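Student: can't give you the sequence, but here's the structure:
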C-alpha cells in the first residue's frame, strides 16, 4: 500500500527514540576502551562494566560534554542540575541487572530540529536527550541450542534522543534521522553509523484519522533497524498493518516488534513495558551533575557550523544545486575537503579571473568531488583526508582544465594517476604527454587537412546535415592526436566551413 493512499484515510503518528554512541576513549563509568570496531568478544571489559561486587562507577566527563553539545545543537535547554538513575530489568546482556540512565532529570530537554521534506520545512520537537550506558550484545549461533554474550559494548556511553510524536510519514522520519546523523558527526559526538550500531533507532508508531487532535490510545515500538532504508520500510509496513487492523474494528496491540529485513516485515517480540516496570530510583553511587551557566555558554560558543547553516551558505556563496549541496553536506569529510579545494581556487580566481569564472570553478570542484573523487574513495573505502591527492593539487588540476591546458578526458587520466600514486598535476601532464593544443595555427593546419580530405562530409554539412559537423570535429581531433582544444576546434572548423 502506497503511503500517499494510506494518509488519505489515516495519518501516521510517529515518535522516535534514537540511541547515539558517544565518541569517547573510555566507557561511560569505567576506563575500559570504548571501541565499536572491536571484533574479539569480551576484550574491552573490566570489573566495573561487568558488575563485579564492590566496584564503583565514575562518570566520564567527556561523555557529559558531548551529550551537552549535542543537546545544544538540537536547540535543547541544558539542565544545570541532572542526575543518574537505575533502570531495572533482567536480561543476559545487562550484567548489573539494571542500567544506569537518566529519568526525571535528563541533561537536555525541550528542543527541536527543523527538517525540509519536499521543499517544506517542518519542525520536529525534541522531548528530551539523556545520558546512559549501553548493554552488551547477545549472540545466537545458528543451529546451536545456546546463546552467548559479548560485553564489549556493555557500559559504552550513549545519549538517547526522544522526539515528540510530530512525524507524520516514513519519509519525514528518514530525513530527520539523516539530519541528526549529520549533526552528530559535525560536532564530533560520534560516528552515528546505523550499520555498525553506533546509532540505533526505535520508532513508536500509531495512526489516527486526519484532523483528529488527540493521540491514539496505543503505540507500537519497532526494534532491530540498522539502516535508514529499513527505518522507512518498517514504518510504512507498520502503518499499513495498523490500518488493516483498525478497518476490521480492532485496535493494534501495544507491543514491541522486531524488523525482519529478509522478509521485509515486522515480527512481534514481546509486550511493551510500562515506565513503572523499570522501578527507577536515583543511583546512590553517582553524584549529581552540576553544569554551570558559564560551562554551558562555553559549549554553545564552541559549536561548529551545523548542516543547515552550511547548506544555506553553500547556496549563497557557491550557487550549487540543492541536490549537490545535500550530497556534500551528508559527507562531512568530503565537505571539509571541498571547502579547502575552493579556498585554493579562490585565491587564484580573484587575482586573474571574474566572479563568473569563480562560480563556474566552484561548480566544477563540486562535480569532481561528488563524482570522480567519491567513486575512487568509495572503491578504496577511504575518506578524503586519507587520499594521496592534496587539496592544492586538486585545485591545480581543475585550473588547468578551466584554462584549456588539458581536456576533461585528459584531466580524468591525470586525476586517476594522482589518486593512485600522488604527485603534482604539472609533472603528470608532462610525463603522460597530455598537454592540450591551443595554438590556433596548429589547429587551423589540422582542420585544413581534414576539410581537403573529406569533401563529401563538407558538402553534406553545407546541405544541412548537422551530424557531418561532428564527424569533421572527430577527424580534426584525430589529426591532433586527441590533444586539440575542443572549444577552439569547434570554433575554427565552423568559421572555415562558413
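Tutor: Noted; the coordinates are in hand. What you see is a predicted model; the values in this text were computed from it and never measured.

Student: To which secondary structure element is residue 300 assigned?
Tutor: helix 293-302 (DSSP states H and E).

Student: do the same with residue 43
Tutor: Assigned by DSSP H and E, residue 43 belongs to neither a helix nor a strand.

Student: tally of neighbours for it?
Tutor: Number of residues near residue 43 (other C-beta atoms under 10 Å) recorded here: 13. Yep, even glycine has a C-beta here, placed from its N, CA and C like the rest.

Student: Follow the chain on from the helix holding residue 300 and name the next helix or strand.
Tutor: On the C-terminal side of helix 293-302, the closest following helix or strand by DSSP H and E is helix 307-318.

Student: buried ones in that following helix?
Tutor: For helix 307-318, burial by neighbour count (16 or more other C-beta atoms under 10 Å) applies to 307, 308, 310, 311, 314, 318.

Student: swap in stretch 400-410?
Tutor: Of all the residues in stretch 400-410, those buried under the rule 16+ other C-beta under 10 Å are 400, 401, 402, 405, 406, 407, 410.

Student: now that stretch: how far from the chain's centre is it?
Tutor: Centroid separation between stretch 400-410 and its chain, computed with C-alpha atoms, centre = their mean, to the nearest Å, is 32 Å.

Student: Then stretch 40-54?
Tutor: The chain centre lies 33 Å from the centre of stretch 40-54; the measure is C-alpha atoms, centre = their mean.

Student: what residues are up against residue 183?
Tutor: 70, 73, 74, 113, 306, 307 (C-beta atoms under 8 Å, 6 or more residues apart in numbering).

Student: Turn those residues into CSV, columns for pLDDT.
Tutor: As requested, the contacts of residue 183 are exported to CSV (pLDDT from 0 to 100):
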residue, pLDDT
70, 98
73, 98
74, 98
113, 98
306, 97
307, 97
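
Student: quick check, nearest of the residues you listed to residue 358?
Tutor: residue 307 (24.1 Å; C-beta to C-beta).

Student: how many neighbours does the residue lying closest to the closest one once chain neighbours are set aside have?
Tutor: Nearest residue to residue 307, sequence neighbours excluded (C-beta to C-beta, 6 or more residues apart in numbering): residue 182, at 4.4 Å. When neighbours are counted by other C-beta under 10 Å, residue 182 registers 22.

Student: who's in contact with residue 182?
Tutor: Counting by C-beta under 8 Å, 6+ apart, residue 182 touches 307, 329, 330, 332.

Student: The one helix or strand it maps to: which residues count as buried?
Tutor: Assigning secondary structure by DSSP H and E places residue 182 in helix 170-186. Within helix 170-186, the residues scored as buried using 16+ other C-beta under 10 Å are 170, 172-186.

Student: Name the nearest of the residues you listed relative to residue 27.
Tutor: For the buried residues of helix 170-186, the nearest to residue 27 is residue 184 (18.5 Å; C-beta to C-beta).

Student: Touching, residue 195 and residue 229? I think so.
Tutor: No - using C-beta atoms under 8 Å, residue 195 makes no contact with residue 229, being 10.6 Å away.

Student: Pick out whichever of those two has more residues nearby.
Tutor: The residue with more neighbours, out of residue 195 and residue 229, is residue 229; 12 against 8, by other C-beta under 10 Å.

Student: Just to be sure, that one is in a helix?
Tutor: Yes - under DSSP: H, G, I helix; E, B strand; the rest coil, residue 229 falls within a helix.

Student: burial count for residue 242?
Tutor: A total of 24 residues lie near residue 242 under the criterion other C-beta under 10 Å.

Student: For residue 478, see how far away it is.
Tutor: As for residue 242, its distance to residue 478 is 65 Å (criterion: C-beta to C-beta, to the nearest Å).

Student: Look up the closest residue to the residue nearest the centre of the chain, ignoring the ones flanking it.
Tutor: The centre of the chain sits closest to residue 330, judged by C-alpha atoms, centre = their mean, with a distance of 4.1 Å. Nearest residue to residue 330 in three dimensions, chain neighbours excluded: residue 182, at 6.4 Å (C-beta to C-beta, 6+ apart).

Student: Contact partners for residue 341?
Tutor: Applying C-beta under 8 Å, 6+ apart, we find residue 341 in contact with 365, 369, 391, 394, 395, 398.

Student: which residues of the stretch 101-250 of the chain fall in helices?
Tutor: Per DSSP state H, counting those that start in this stretch, the stretch 101-250 of the chain carries helices over the ranges 170-186, 228-247.

Student: continuing past the last one, what's the next helix or strand?
Tutor: Taking DSSP H and E as the definition, the helix or strand that follows helix 228-247 towards the C-terminus is strand 255-260.

Student: Counting neighbours, which bits of that next one end up buried?
Tutor: For strand 255-260, a neighbour-count test (16+ other C-beta under 10 Å) marks 255, 256, 257, 258, 259 as buried.

Student: Would you mind pulling up the elements that it packs against?
Tutor: strand 220-223, helix 228-247, strand 265-271 (3 or more C-beta pairs under 8 Å, 6 or more residues apart in numbering; DSSP states H and E).

Student: of all the ones you listed, which lies closest to residue 339?
Tutor: Across the helices and strands packed on strand 255-260, residue 339 has its closest neighbour in helix 228-247 (25.4 Å, C-beta to C-beta).

Student: follow-up on the earlier one: out of the contacts of residue 341, who's nearest residue 302?
Tutor: Nearest to residue 302 among the contacts of residue 341: residue 391, at 24.9 Å, using C-beta to C-beta.

Student: got the contact list for the closest one?
Tutor: 337, 340, 341, 343, 344.

Student: so what's it closest to, chain neighbours aside?
Tutor: Among residues not flanking residue 391 along the chain, residue 340 sits closest, at 4.0 Å (C-beta to C-beta, 6+ apart).

Student: Need the contacts of residue 391 in JSON lines (columns: pLDDT).
Tutor: Output for the contacts of residue 391, formatted as JSON lines (pLDDT from 0 to 100):
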{"residue": "337", "pLDDT": "97"}
{"residue": "340", "pLDDT": "95"}
{"residue": "341", "pLDDT": "95"}
{"residue": "343", "pLDDT": "91"}
{"residue": "344", "pLDDT": "90"}
